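Enquirer: Give me a model of this one.
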Amino acid sequence: MPRPAEPGRNALLDAGAEVAAREGLRGLSVNAVVQAAGMAKGTFYHHFPDRRGYVVALHRRYHEQLAVTIAAAVGDREPGPDRLRAGLTAYLDACLATRGTKAFLAQSRTDADLLDEVNARNQLVAAVIVPDLAVLGWADPASVAHLVIAMAAETALAELYSAAPRPELRAALTALIERHPRGDAG
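Expert: Sure thing, here's the model as predicted:
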């Protein structure tokens, strides 16, 4: 059973984030992680049962850090367009500034070890934004939430490849979401 978080475990996760940022998920081997952390391979197995368990822990930590950033930006806003815009902006800014974004947004969708994690994370985020979409008048806010998540991730990747915010994509994303479902402006 893996040990609870402690300096050694955190050092391995930090090293993995660096390796993932540089090499992607395919380059995220146990050997690469322990080398980047400057630790013995046996130390890895004291904290994680295997590579899969490690990659899942790394993915969770990445998204938990994003969630903290987004929650701070959203604050105590009531559900609605202002809260949704604040959350999307915080998400996109954090993705652009966080190590490993490419690995954990694009590559994680095709990594068999992470498919369940990606789906679970998307469901959690969808549940958070459903009230915002309901306030905006969407008849099926859960379905729209699924699409918003996909559009936000695609925008984050476009910004990552551009190495800068893409204001036109951000504006289009919020305009699409905020347009009233009947086709009228909200």
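Enquirer: Tell me the backbone dihedrals of Pro79, please.
Expert: Taking degrees, to the nearest 10, you get phi -60, psi 140 for the backbone angles of Pro79.
Enquirer: Where does the closest residue in space to it that isn't next to it in sequence fall, secondary structure wise?
Expert: In space, and not counting its chain neighbours, Pro79 is closest to Pro131: 3.7 Å by C-beta to C-beta, 6 or more residues apart in numbering. (C-beta placed from N, C-alpha, C; glycine too.) Assigned by DSSP states H and E, Pro131 falls within helix 115-135.
Enquirer: which helices and strands does the helix or strand following that helix pack with?
Expert: Per DSSP H and E, the first helix or strand lying C-terminal to helix 115-135 is helix 141-162. For helix 141-162, the packing partners by 3 or more C-beta pairs under 8 Å, 6 or more residues apart in numbering; DSSP states H and E come out as helix 81-97, helix 101-105, helix 115-135, helix 167-178.
Enquirer: show me the contacts for Ala71.
Expert: Applying C-beta atoms under 8 Å, 6 or more residues apart in numbering, one finds that Ala71 lies in contact with no residue.
Enquirer: buried sites along the strand or helix carrying it?
Expert: Under the criterion of DSSP H and E, Ala71 resides in helix 51-74. Across helix 51-74, burial judged by 16 or more other C-beta atoms under 10 Å covers 54-63, 66-67, 69-70, 73-74.
Enquirer: for the record, mean pLDDT for it?
Expert: Averaged across helix 51-74, pLDDT comes to 91.
Enquirer: Helix 81-97 and that helix, what's the angle between them?
Expert: Orientation check (axes from the mean of the first three to the mean of the last three C-alpha atoms, to 10 degrees): helix 51-74 against helix 81-97 gives 130 degrees.
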